[in-house]
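>>> Here is a sequence together with a model predicted from it:
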Amino acid sequence: MDVYKRIAAGPMGTEIHTIDMHTSGEPTRIVVSGYPDLQGRTLLQKRAYAKDHLDHLRTRGHADMYGALLVQATEMTEAGQADIGVLFMHNEGYSTMCGHATIALGRFLVDTQDKLLFPLREHLGYDTEKHETHLRLHAPCGLVRVTVPTIVQGGRARSDESRPVTFVSVPSFVSARDVVMNIPEADRWTALRAKGQTRVCVDIAYGGAFYAIVEAKELGFEGIVGFGYSLRDMDEAAATVKRFLATQRALVRHPSESDLEYLYGVIITDENYGHARESVGLCFFADQEVDRSPTGSGVSARVALAVATGRLAFGETTVFHSPVSAGGDDGFTGTAVEEVVFADGRRGISVSVGGRAWYTGAHVFAGEGGDRRVAGFLLRDCL
Ligand SMILES: O=C(O)[C@H]1NCC[C@@H]1O
């Protein structure tokens with residue numbers, strides 16, 4: 001303890017305090033204090049500032065970490081439309097939406113609403129009949145409505161970990177159907193070559209971020225869980241698909257915001273997993289980070305795709321698993337709740353996503369001026 005006090009009191013610059021949680025196995029490191037102010041008026045401007053001026057702090061996380069940075073003042077909180085803003089961080093940069101972190105943040109914000117260093121814009125709405133708190137989160141993709149099961153004891157509210165947190169993000173939509181890629185021989189991965197396949201067909205859908213969604217069989221795999229493939233096998237396939245699609249901007253058109261137009265991840269799916277309303281997926285996002293959770297924003301996108309292809313009706317719920325949650329009770333639920341029409345005439349779908357998150361710890365980050373590794377480092381496959 002003495003050592004801890006000495007370090008914490010030492011010449012380390014500002015400490016950064018975080019609370020760590022996981023959602024179906026995927027971590028969220030929530031920054032509680034110590035981050036410098038983000039300049040800019042809008043959330044997207046603040047995101048650009050973090051990228052341009054504070055990226056050395058993001059890189060102190062590791063390649064499989066996921067961060068959430070709370071932002072008190074955004075154009076939506078100022079207008080009274082949101083209670084708080086958030087930026088999401090991963091191994092490559094700053095994403096536009098994150099479902100697993102939203103689920104974790106729902107619990108965290110209810111539990112700390114009276115203890116945060118800055119006040120939430122509005123008092124969170126508490127439904128006394130349903131015992132749940134309603135929270136409006138301003139994410140880079142837009143407004144995300146979060147419902148957090150809540151217990152009130154002795155006048156204090158705390159999140160009820162025994163019930164799932166749900167959220168409805170910005171409307172999801174299918175951006176491109178049946179995109180066929182001919183894979184040149186030199187780029188074919190082991191499973192595709194083994195099956196003698198040369199073409200791959202993918203769909204692209206948006207759930208706050210754009211995902212290529214592709215059935216495991218299209219990539220030469222029998223399925224995802226229980227077939228003996230390694231993550232490396234699937235990573236090779238997903239990375240190739242992403243590389244091929246990355247240049248095709250026309251496939252990722254957002255109705256109003258060009259800043260959101262990029263392919264964030266590739267989700268390999270097995271729709272034959274489990275019972276009729278259950279499936280498993282493996283998401284590679286950002287710089288081939290693997291999502292251990294069933295990917296909340298991916299679930300939003302997949303529900304829009306399932307409705308578009310007639311596999312799912314409004315109001316029907318599917319349980320989406322990751323390889324970590326498969327066989328367990330912590331898959332995410334996804335339900336199409338409403339159809340919306342965008343300004344450009346395209347149709348979108350509001351999707352309710354549910355899942356559970358847990359606290360795992362707290363961290364204090366410090367750094368010494370003379371340490372040339374203070375901004376972290378990334379060791380990948382090049383030595
Ligand atoms: O749940 C999600 O939406 C996120 N999980 C990691 C990748 C996505 O941002």
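That came in fine, so what should we check first?

>>> how near is F227 to A326?
12 Å (Cβ to Cβ, to the nearest Å). For the C-beta atoms, the positions are set from N, CA and C on the backbone; glycine is no exception.

>>> neighbour-wise, which of the two wins?
Higher neighbour count among F227 and A326: A326, with 21 against 12, using other Cβ atoms under 10 Å.

>>> Can you check the pLDDT for that one?
For A326, the model assigns a pLDDT of 96.

>>> ok so it is a helix residue?
No - assignment of A326 by DSSP: H, G, I helix; E, B strand; the rest coil gives coil, placing it outside any helix.

>>> Format the CA atom coordinates belonging to stretch 129-138 as CSV.
Provided in CSV are the C-alpha atoms of stretch 129-138 (Å, rounded to 0.1, in the frame of the first residue of the first chain):
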residue,chain,number,x,y,z
GLU,A,129,-43.7,0.4,-11.9
LYS,A,130,-41.2,-1.4,-14.1
HIS,A,131,-38.3,-0.6,-11.8
GLU,A,132,-36.1,0.6,-14.6
THR,A,133,-34.1,3.7,-15.4
HIS,A,134,-34.2,5.4,-18.8
LEU,A,135,-31.0,7.0,-20.0
ARG,A,136,-30.2,8.9,-23.2
LEU,A,137,-26.7,8.4,-24.5
HIS,A,138,-25.3,10.6,-27.2
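
>>> which residues in the stretch 1-150 of the chain form helices?
Remark: helices assigned in the stretch 1-150 of the chain by DSSP state H, counting those that start in this stretch are 2-9, 43-53, 55-58, 75-78, 99-112.

>>> most packed of those helices?
Highest mean neighbour count of the helices of the stretch 1-150 of the chain: helix 99-112, a mean of 26 (counted as mean count of other Cβ atoms under 10 Å).

>>> Briefly note if that one comes near the ligand.
Yes - for helix 99-112 and the ligand, the contact criterion (Cβ under 6 Å from any ligand atom) is met by 99-100.

>>> now do stretch 285-301
Yes - applying Cβ under 6 Å from any ligand atom, one finds stretch 285-301 in contact with the ligand at 285, 291, 293, 295-298.

>>> For that stretch, buried residues please.
285-286, 288-301 (16 or more other Cβ atoms under 10 Å).

>>> again with stretch 181-194
181, 183, 188-189, 191-192.

>>> before we move on, the earlier item: what's the farthest-apart pair in the buried residues of stretch 285-301?
The span of those, defined through Cβ to Cβ, is set by Q288 and S300 at 21.5 Å.
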